[in-house]
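Asks: The following comprises the amino acid sequence and a computationally predicted model.
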Amino acid sequence: MAQEKDERSSAPARKAGAAGEELGRRMSGAQGPKESAYGKAVPATGPITRRGQYLIGARAIAGTPAPNIYRQSMDAVVDYLSQQENIDIVKRIKLGGSPPFAASGNGGSASEVVVARIEESKAESLRVAAQPQHIVIEQDAFLSYVDVLAIPLQLAATGAILPLRSVGTEIVVRVVGEQEQPLPKASVLIYGPEIPAQAVTDETGTARLMLFGGTIDSIRAICVRPASNYWDRFIPSPRLSESGTTTIRLRPLAETLANFPHERLVGWGQRLMRLDQLGGNFTGSGVKVGIIDSGCDNSHPQLRHITRGKDFTDRNGGGSNWSEDAISNGTHCVGIINAADIGQGVVGFAPGVEVHVFKVLPGGRMSDLLAALDECIARELDVVNISVGSDEISELVSQKLYEARQKGVACIVAAGNSGGPVRFPAQLPTVLAVGAVGKIREFPADSSHAFTAIPQLIGSDGVFAARFSCFGPQIAVSAPGVAVVSTIPGGAYAAADGTSVAASYVSGLAALVLAHHPIFLGPLKARSEQRVDALFGLIRASAVMHFPDLLHGGLGVPDLARVPGERAMSAALSLPTGVDSLATLLSQIGGGLQAGTPPYWPMAADNWRALMQLRAAGML
């Protein structure tokens with residue numbers, strides 16, 4: 001009996017070993033179990049080729065059964081790769097949850113992803129060989145938060161970048177506040193005819209910059225961005241001292257925002273979205289919000305209640321450094337959503353929500369975003385604010401975002417700050433992409449914020465499309481993203497621009513809607529894909545267009561006072577022909593994926609309201 005038990009227990013191991021050999025033969029195109037295109041380890045004799053970092057996982061294809069080996073584990077893949085020359089396994093990421101298509105017996109999203117460093121040519125060969133095997137091999141691209149360009153593009157250097165010359169012109173700048181006090185850690189950026197010069201002020205407020213390729217008279221512009229509590233300043237064609245120090249004085253935020261930060265500030269963006277008209281007890285209590293960004297400094301007086309987080313950039317596996325925010329963006333976004341009311345400082349859009357901080361910047365990759373999204377699903381979050389993006393597209397991340405939507409996690413994503421096409425993952429139909437708008441006279445005229453407006457897209461109320469905001473048909477709505485004051489590390493405040501700022505406003509509004517709307521307190525209280533569809537539909541339905549451009553502004557800026565109620569929804573939306581009930585409307589406004597299409601394919605049912613706007617604009 002003992003012998004029989006041993007034989008039975010070893011059967012799965014033999015089966016896995018055979019599967020591994022078969023996988024190796026399929027990926028290599030060889031005939032024998034140990035023969036492959038790369039063979040056994042041989043010393044490299046040719047030129048050294050560059051190695052990149054890649055993600056390897058299972059592909060989810062609706063209606064196509066996947067071999068059991070890909071459902072079970074990636075052990076065979078790891079075994080095969082480990083035998084190859086110049087391939088290093090960096091890590092294996094275990095992903096929880098059930099696959100999207102598990103109920104129908106089809107291949108689901110990857111339950112494990114392997115991160116490996118592979119020569120680029122070899123990675124391409126593996127990718128081609130793995131195509132029919134339901135395995136994805138893709139670049140583990142870096143994530144980025146691209147800071148907003150301080151000046152118009154036409155002022156930047158044009159033409160080819162020339163090598164640095166041996167002799168340059170030193171420029172000394174001193175940055176001071178309203179009482180001539182020095183301002184340390186301020187960024188000073190000078191644009192000359194060729195290569196810009198940049199430096200940071202020391203404790204005396206002094207920055208020394210070396211300008212190559214021109215003289216002081218050839219400088220086109222200078223931009224000074226303070227560390228905190230002041231407006232930045234942009235000076236075109238500045239008059240700088242050739243032999244001494246040029247002093248630049250900055251305006252405190254309080255000069256424009258009366259008594260700030262000693263009194264509570266309800267920002268222009270919150271007023272535009274009519275948060276100021278809500279009662280004090282209108283909170284996001286009971287809703288869980290995740291923020292995928294650069295971390296959050298919870299030592300800030302308004303953020304001390306933030307206690308949940310994880311650092312995915314920590315390569316030692318601890319993950320406890322999420323409260324260190326070197327970029328400041330994450331702390332700024334958390335303050336917009338959830339700053340505590342302490343009687344002064346800023347007002348959080350949705351106080352009372354349970355915030356989970358996931359740090360993926362700086363230095364994070366697609367694998368970190370994938371792991372963070374998986375964590376959001378595991379923690380059963382309601383809303384996830386994603387402030388990062390990439391110029392690369394990840395099929396594995398797309399699959400995970402589809403899984404998140406199916407499980408009722410509403411992902412709201414910043415469109416990007418490059419001023420070009422919408423970036424990944426905001427371009428996916430499974431998320432709500434948000435662009436940025438600003439408003440004139442809400443910042444000093446000599447600040448860089450003044451150069452973010454697109455003159456042709458300024459509405460009659462002063463709301464304008466932001467020049468830096470990515471645009472395209474994927475933009476669902478837009479939100480305040482210019483000169484928005486919020487919390488930053490060190491207990492201070494700063495005015496920032498960006499679509500991540502805009503996405504944070506929409507995430508805060510989404511939390512309030514989930515916490516108070518009758519639909520989500522009753523029939524759609526449980527997390528589900530229909531719940532996400534309804535939430536996104538209500539946000540779209542509440543939007544107000546301030547300028548006529550769907551590509552830059554989407555359907556407009558969401559307005560809390562216009563979010564349709566359960567009973568008033570039909571009247572508020574002026575239902576089109578054929579829509580005679582709330583249930584029918586909810587089935588349309590979400591834009592669910594078409595049956596039979598892969599989850600990562602950019603195809604969704606169009607929102608009827610978007611079609612009406614396109615027709616009114618003469619685009620249909």
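Replies: Arrived safely, thanks for sending. What you see is a predicted model, and the numbers here were worked out from it, not measured in a lab. Numbers count the residues shown, from 1 in each chain.
Asks: helix/strand/coil for the nearest residue to S323 once chain neighbours are set aside?
Replies: For S323, ignoring the flanking residues on the chain, the nearest one in space by Cβ to Cβ, 6 or more residues apart in numbering is N298 at 5.0 Å. Where C-beta positions appear, they are placed from N, C-alpha and C, glycine not excepted. Assigned with DSSP: H, G, I helix; E, B strand; the rest coil, N298 falls in the coil class.
Asks: Kindly report the same for the one 4 residues further on.
Replies: When the structure is reduced to helix, strand and coil (three-state DSSP), Q302 reads as coil.
Asks: And the pLDDT at it?
Replies: Note for Q302: predicted pLDDT of 98.
Asks: quick one, phi/psi of it?
Replies: phi -100, psi 0 (degrees, to the nearest 10).
Asks: show me what contacts the nearest residue to it once chain neighbours are set aside?
Replies: For Q302, ignoring the flanking residues on the chain, the nearest one in space by Cβ to Cβ, 6+ apart is A339 at 4.2 Å. Neighbouring residues of A339 by Cβ atoms under 8 Å, 6 or more residues apart in numbering: Q302, L303, G345, V346, V347, G348, P351, S486, T487.
Asks: quick one on the thing from earlier: wait, the residue nearest to S323 sits on R308?
Replies: No. Using Cβ atoms under 8 Å as the test, N298 is too far from R308 to be in contact (9.8 Å).
Asks: between the two, who's got more neighbours?
Replies: N298 (21 against 14; other Cβ atoms under 10 Å).
Asks: which ones are touching the more buried one?
Replies: Counting by Cβ under 8 Å, 6+ apart, N298 makes contact with R304, H305, I306, T307, S323.
Asks: does the third one really touch V334, like I thought?
Replies: When you say that, I think you mean I306. Yes. Look at I306 against V334 with Cβ under 8 Å: they come within range, at 6.4 Å.
Asks: Find the residues that touch each one of those two.
Replies: In contact with both I306 and V334: C296, V355, V357, using Cβ under 8 Å, 6+ apart.
Asks: Arrange these in a markdown table, one row each, with neighbour count and distance to S125 as further columns.
Replies: Supplementary listing: these in a markdown table, determined by neighbours: other Cβ atoms under 10 Å; distance: Cβ to Cβ, whole Å:
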| residue | neighbour count | distance to S125 |
| --- | --- | --- |
| C296 | 30 | 42 |
| V355 | 26 | 45 |
| V357 | 27 | 40 |
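Asks: nearest to L275, of those residues?
Replies: L275 lies nearest to V355 out of these, by Cβ to Cβ, at 17.5 Å.
Asks: how close does that closest one sit to S387?
Replies: 14 Å (Cβ to Cβ, to the nearest Å).
Asks: Residues that sit against both of these two, list them.
Replies: Contacts common to V355 and S387, judged by Cβ under 8 Å, 6+ apart, are I291.
Asks: buried stuff in stretch 421-440?
Replies: Using 16 or more other Cβ atoms under 10 Å as the burial criterion, the residues of stretch 421-440 that qualify are 422-440.
Asks: what ranges do the helices span in the stretch 451-600 of the chain?
Replies: Here the stretch 451-600 of the chain has its helices, by DSSP state H, counting those that start in this stretch, at 499-516, 518-521, 529-541, 550-553, 569-573, 582-589.
Asks: Out of those, flag the one nearest E170.
Replies: Closest to E170 of the helices of the stretch 451-600 of the chain, according to Cβ to Cβ: helix 499-516, at 35.8 Å.
Asks: Just name the shakiest helix or strand of this protein by mean pLDDT.
Replies: helix 569-573 (a mean of 34; mean pLDDT, DSSP states H and E).
Asks: Tell me where the model's unsure across the chain.
Replies: 1-49, 61-73, 97-110, 131-133, 146-167, 194, 213-214, 279-280, 317, 566-620 (pLDDT under 70).
Asks: domain parsing for it?
Replies: Domain ranges of the chain: 22-30+50-139, 167-251, 264-567, per automatic domain parsing.
Asks: sorry, back to before: now render the shared contacts of I306 and V334 as TSV, adding distance to S507.
Replies: As requested, those are arranged in TSV below (distance: Cβ to Cβ, whole Å):
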residue	distance to S507
C296	14
V355	10
V357	13
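Asks: Nearest to I118 among those residues?
Replies: Among the shared contacts of I306 and V334, and counting by Cβ to Cβ, the member closest to I118 is V357, at 32.2 Å.
Asks: Report the beta-bridge partner residues of the closest one.
Replies: As for beta bridges, V357 partners with I291, G309 under DSSP bridges.
Asks: can you tell me which residues contact it?
Replies: 290-291, 293, 295-296, 306, 308-310, 322-323, 330, 334.
Asks: will you turn these into a markdown table that also has distance to L183?
Replies: Listed next are the contacts of V357 as a markdown table, based on distance: Cβ to Cβ, whole Å:
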| residue | distance to L183 |
| --- | --- |
| G290 | 35 |
| I291 | 29 |
| D293 | 26 |
| G295 | 24 |
| C296 | 24 |
| I306 | 28 |
| R308 | 34 |
| G309 | 30 |
| K310 | 34 |
| W322 | 29 |
| S323 | 25 |
| G330 | 23 |
| V334 | 25 |
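Asks: what's the closest of those residues to V266?
Replies: Of those, the one sitting nearest to V266 (Cβ to Cβ) turns out to be V334, at 17.8 Å.
Asks: Count the residues that sit near the closest one.
Replies: Here the number of neighbours of V334 (other Cβ under 10 Å) works out to 30.
Asks: What's the separation between it and E112?
Replies: 31 Å.
Asks: you'd agree A207 is up against P182?
Replies: No. Using Cβ under 8 Å, A207 is not in contact with P182; the gap is 10.8 Å.
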